[in-house]
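A.B. asks: Attaching a predicted model along with its sequence, questions to come.
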Amino acid sequence: MSFPKTVSYAPAPAVEGDFCDANPRSTVNAGPGGLVVGPAGAIIGRFCWATSPNDADGAPATITNSGTGAPTGFLHREQQGLITPFLAESGMAMLPGMPATLFKSGGFWVRNAGAGAAAYGNKVFASNTDGSVSFGAAGATVAGSTETKWFAMSVGAAGELVKISATPNG
């Protein structure tokens, strides 16, 4: 770790993927041996899609940050990220084969990867390439992304942390 170059007056409100509230939340049901991270790995704090191979119940068992259609769920931060790059200070990547839990509802912190700011009540769009989050009006089109059932619960410029929830009123 390099010598600190700045001092913040207040700690960061959260890390992407953290819970943002104590409201009810629910996970994606997975069969025996599922869900596990697929061969490409997965980034915490982003949306994921479940893919084949299937588990013993016939449900998709591996997850990835890329896909088409509605994402299967959100990958919450549970201290499961590993720091594998040489001399890296932090990491949000999960290695292939690690067990994972996807959430289909709840309140979470995400990083706004879109070009525009998030406004309260905007719909959440998941990138089909990497599962990152951007925001827009309901029914809008965001290139390379799929509209989800999630909503923005706070405001935030591009690159900032924003609260999201699967419940419109939080």
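C.D. replies: Perfect, I can see it now.
A.B. asks: show me where the protein has strands.
C.D. replies: Listed in chain order, the strands of the chain (DSSP state E) span 26-27, 36-37, 42-43, 47-54, 60-64, 73-75, 93-94, 102-105, 107-111, 123-127, 133-136, 145-152, 161-165.
A.B. asks: Name the residues that touch the fifth one?
C.D. replies: Strand 60-64 is touched from outside by 30-31, 33-40, 42, 48-55, 72, 75, 100, 102, with contacts defined as Cβ atoms under 8 Å, 6 or more residues apart in numbering. Yep, even glycine has a C-beta here, placed from its N, CA and C like the rest.
A.B. asks: What subset of the residues you listed is buried?
C.D. replies: Neighbour-count burial (16 or more other Cβ atoms under 10 Å) applied to the contacts of strand 60-64 gives 30, 34-38, 42, 48-50, 55, 72, 75, 100, 102.
A.B. asks: of those residues, the lowest pLDDT goes to which?
C.D. replies: Least confident of these in the model: D55, at 76.
A.B. asks: Correct me if wrong: that residue contacts G33.
C.D. replies: Yes. The criterion here is Cβ atoms under 8 Å, and D55 meets it with G33 at 5.3 Å.
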